[in-house]
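Visitor: fold the stuff below for me.
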Amino acid sequence: MRQAREVLATWAAERRSVAGRREEVVCAAVEAGLSKAEVHRLTGIARTTIDRIVGPASREGGAR
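Guide: Below you'll find the predicted structure:
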């Protein structure tokens, strides 16, 4: 049981670390020219989440 706790705690810490950079990386990808659809395909992040991260000014087909 101790090993399971350690593995879970390590996983949780790694997830928090990655999640902290998610917005930065998604915004940089869209600003570099990747479509939100491609960001979704590559990352598995939901399109609604990508829309929330990059904001309405970056909606595909909309005003930039």
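Visitor: show me which residues of the top helix by length along the chain are buried.
Guide: Taking DSSP state H as the criterion, the chain has its longest helix at helix 2-31. In terms of neighbour count (16 or more other Cβ atoms under 10 Å), helix 2-31 has its buried residues at 26, 27, 29, 30. In this view, the C-beta of every residue, glycine as well, is placed from N, C-alpha and C.
Visitor: packing partners for it?
Guide: Under the contact criterion of 3 or more Cβ pairs under 8 Å, 6 or more residues apart in numbering; DSSP states H and E, helix 2-31 touches helix 36-43, helix 47-54.
Visitor: run through the chain and note the low-pLDDT ranges.
Guide: The chain contains residues with pLDDT under 70 at 56-64.
Visitor: what distance do you get for the most centrally placed residue in it to residue 39?
Guide: For the chain, the residue nearest the mean C-alpha position is residue 22 (4.0 Å; Cα atoms, centre = their mean). The gap separating residue 22 from residue 39 is 11 Å, by Cβ to Cβ, to the nearest Å.
Visitor: okay, and the common contacts of these two?
Guide: Here residue 22 and residue 39 share the contacting residues residue 45, scored by Cβ atoms under 8 Å, 6 or more residues apart in numbering.
Visitor: export stretch 47-56 to PDB, keeping only CA atoms.
Guide: What follows is stretch 47-56, C-alpha atoms only, in PDB (Å, rounded to 0.1, in the frame of the first residue of the first chain):
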ATOM      1  CA  ARG A  47     -12.000  22.300 -27.700                       C
ATOM      2  CA  THR A  48     -14.100  24.100 -25.100                       C
ATOM      3  CA  THR A  49     -11.000  24.200 -22.800                       C
ATOM      4  CA  ILE A  50      -8.800  25.500 -25.700                       C
ATOM      5  CA  ASP A  51     -11.400  28.200 -26.400                       C
ATOM      6  CA  ARG A  52     -11.500  29.200 -22.700                       C
ATOM      7  CA  ILE A  53      -7.600  29.300 -22.600                       C
ATOM      8  CA  VAL A  54      -7.000  31.400 -25.800                       C
ATOM      9  CA  GLY A  55     -10.100  33.600 -25.400                       C
ATOM     10  CA  PRO A  56     -12.700  34.900 -27.800                       C
END
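Visitor: since that was my last question, I'll sign off now.
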